[in-house]
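*Asks:* let me see the structure of the following:
(4 chains)
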Number of protein chains: 2
Amino acid sequence: MSALELGAIRSDTSISVRVYETIRNAITATNLYEIDHAELRLDERELAGRLGVSRTPIREALVRLEHEGLVTSVPRRGYFICRKTKGELLEVIVVWAALESMAARLVALNAPATAIASLREIFATFEGDSIVAHLDEYSEANLRFHQRIIELSGSETLRKTADGILIHMRSIRHRTIGEDHRFERSIVDHMHIIEALEQRDAELAERLVRDHALALARHVDAVDTDL
Amino acid sequence: MSALELGAIRSDTSISVRVYETIRNAITATNLYEIDHAELRLDERELAGRLGVSRTPIREALVRLEHEGLVTSVPRRGYFICRKTKGELLEVIVVWAALESMAARLVALNAPATAIASLREIFATFEGDSIVAHLDEYSEANLRFHQRIIELSGSETLRKTADGILIHMRSIRHRTIGEDHRFERSIVDHMHIIEALEQRDAELAERLVRDHALALARHVDAVDTDL
DNA sequence: CCCGTGTTTTTGGTATACCAAATGCCAAAT
DNA sequence: ATTTGGCATTTGGTATACCAAAAACACGGG
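*Replies:* The predicted structure follows:
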């Protein structure tokens, strides 16, 4: 055995997963609620032609996306991008609340202090009124914060389950973060959560995280009138 | 229109979903921890031949199963049935605890009284010492109870998310229900949960459900030494 | 002008053919 | 006897061909 430290070559990106990621990103980057209904249809042959691959990897990608709830398959009619109803979005937030609050409990009980400290750094670049000037960046940091709590729980199962609905959370937060100074309340909540974690108060952290998410649900319920 | 009452032709069950269900049931009915490692490999061509279909629907079914965590795909090597490690099983229980406890909260807040009452009926046929004589049936009722709480939450998203890990919970409970008189503790817990729901005490119901599930995790951690 | 019927076209579902990576085996070299 | 290079086989990944159901269209009778 030589002393060379070789990293494994990447052969794991098959065409089907690349197609999956491509379509996923395209859907994420699209405002689904501003386009015509006809645009929601995903024509297998058209996608295959546009991406320069055959229909087989397209279909595998669509099956994956269907399990994630991003597209739906109508038998003998084809695949359509899912437009979530308001009720479904509220459900997604509630499920997220369940997962993240359990994650917070685990973090408070098990995570090393340095990991908890890393949560503060996410917002380190945002000082006071610079938030309003960089709402997009703050929105992203916001998402990373909540995602990080789930990561720090150390549970792969929890992370995977949350990943499945993360994309929906992303669109919700993007659409709501700019509304009526929610970010002020938001950043205070986050600091309280971090403090609870640092104090290893599992019950408090769990409750704070859950209430923070459920407050978002109430906000969406009250404000978002479309759909 | 004729007066004939015709059931709709089942055209919604494409071959691929039937293959999916078939493989899923086969995996569920197998004790994965007693078979040889070679048996874990799922040969596409062999499955195709055995089920009398081509490889295409087999692969779609496998992609679905992979997303559920029942099988895993090793690039260029094939699909293998997943044997969960003990740590992964514990994670599954924790995620289940998160989902079911949130469901309990929703049930306490929103479900009609008649729905909550239906929870009692699940155990109606089990009176006292008849439990030990029908452990299998009780184990099934046990699962139905927890599944029903999630159903009664009224959240499709919650139900779908939980469905993804239900199969793992099933195998866990089947393996643990007979151990050291857990069912005695179990049935008491269930009654307390129902009472909390009937009293519309969301906080209490949430806590009881969560602690009940986490107690199962501790039990598995302590007792199940294999894997 | 409208409705129903037959035909064409589109399209998703399935089967099959092809390819390239990975493995196993065997023989030749040392 | 061990090792190694290459060949054959296996097998997953992809492309393509085929089929049947459904939609779109055209046409003819009312």
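*Asks:* DNA strand D contacts on chain A?
*Replies:* Counting by Cβ under 7 Å from any atom of the strand, the positions of chain A adjacent to DNA strand D are A:14, A:15, A:16, A:53, A:54, A:55, A:56, A:57, A:60, A:76, A:77. No exception for glycine: its C-beta is placed from N, CA and C like everyone else's.
*Asks:* near DNA strand C, from those?
*Replies:* Filtering these for proximity to DNA strand C by Cβ under 7 Å from any atom of the strand leaves A:55, A:56, A:76, A:77.
*Asks:* show me which of these neighbour chain B.
*Replies:* Among those, the residues lying close to chain B (Cβ under 8 Å from any Cβ of the partner chain) are A:56, A:76.
*Asks:* which residue packs closest to the residue nearest in space to the middle of chain A, ignoring adjacent ones?
*Replies:* What sits nearest the mean C-alpha location of chain A, by Cα atoms, centre = their mean, is residue A:166, with 2.4 Å. In this structure, residue A:166 finds its nearest non-sequential neighbour in residue A:147, 6.8 Å apart by Cβ to Cβ, 6 or more residues apart in numbering or on different chains.
*Asks:* over to residue A:16?
*Replies:* Using Cβ to Cβ, 6+ apart and skipping the chain neighbours, the partner closest in space to residue A:16 is residue A:57 (3.7 Å).
*Asks:* surely that neighbour touches residue A:19?
*Replies:* Yes. Under the criterion of Cβ atoms under 8 Å, residue A:57 makes contact with residue A:19 at 4.9 Å.
*Asks:* what is the burial count for the residue nearest to residue A:166?
*Replies:* Using other Cβ atoms under 10 Å in any protein chain shown, residue A:147 has 19 other residues around it.
*Asks:* for residue A:155, give me phi and psi.
*Replies:* Torsion angles at residue A:155 (phi, psi; degrees, to the nearest 10) stand at phi -100, psi 110.
*Asks:* sorry, wrong one. I was asking about residue A:31.
*Replies:* Per-residue torsions, residue A:31: phi -80, psi 100 (degrees, to the nearest 10).
*Asks:* how about the residue of chain A found nearest DNA strand C, nearest residue that isn't a chain neighbour?
*Replies:* Of all residues in chain A, residue A:78 sits closest to DNA strand C, at 2.7 Å by Cβ to the nearest atom of the strand. Nearest non-adjacent residue to residue A:78, counting by Cβ to Cβ, 6+ apart: residue A:41, 6.0 Å away.
*Asks:* same check, this time on residue A:91
*Replies:* Among residues not flanking residue A:91 along the chain, residue B:157 sits closest, at 3.8 Å (Cβ to Cβ, 6+ apart).
*Asks:* need the contact list for residue A:16.
*Replies:* By Cβ atoms under 8 Å, 6 or more residues apart in numbering or on different chains, the contact list for residue A:16 reads A:56, A:57, A:60, A:61.
*Asks:* among these, which lie within helices?
*Replies:* Of the contacts of residue A:16, the ones assigned to helices by DSSP state H are A:56, A:57, A:60, A:61.
*Asks:* so which of the residues you listed is the most crowded?
*Replies:* For the ones in helices among the contacts of residue A:16, the largest number of neighbours (other Cβ under 10 Å) sits with residue A:61, at 27 neighbours.
*Asks:* quick one: it from residue A:17, how far?
*Replies:* Look at residue A:61 and residue A:17: by Cβ to Cβ, to the nearest Å, they are 8 Å apart.
*Asks:* what do you get for residue A:77?
*Replies:* To residue A:17, residue A:77 is 26 Å away according to Cβ to Cβ.
*Asks:* next, the contact list for residue A:24, please.
*Replies:* A:65, A:68, A:70, A:167.
*Asks:* rerun that using 10 Å as the cut-off
*Replies:* Applying Cβ atoms under 10 Å, 6 or more residues apart in numbering or on different chains to residue A:24 gives the contacts A:61, A:64, A:65, A:68, A:70, A:71, A:167.
*Asks:* so which helix or strand takes in it?
*Replies:* When secondary structure is defined by DSSP states H and E, residue A:24 falls within helix A:15-28.
*Asks:* now that helix: buried residues?
*Replies:* When burial is assessed from 16 or more other Cβ atoms under 10 Å in any protein chain shown, helix A:15-28 yields the following buried residues: A:15, A:16, A:17, A:19, A:20, A:23, A:24, A:27.
*Asks:* right, and the pair among the contacts of residue A:16 with maximum separation?
*Replies:* Greatest spatial distance in the contacts of residue A:16: A:56 and A:61, 9.8 Å, computed using Cβ to Cβ.
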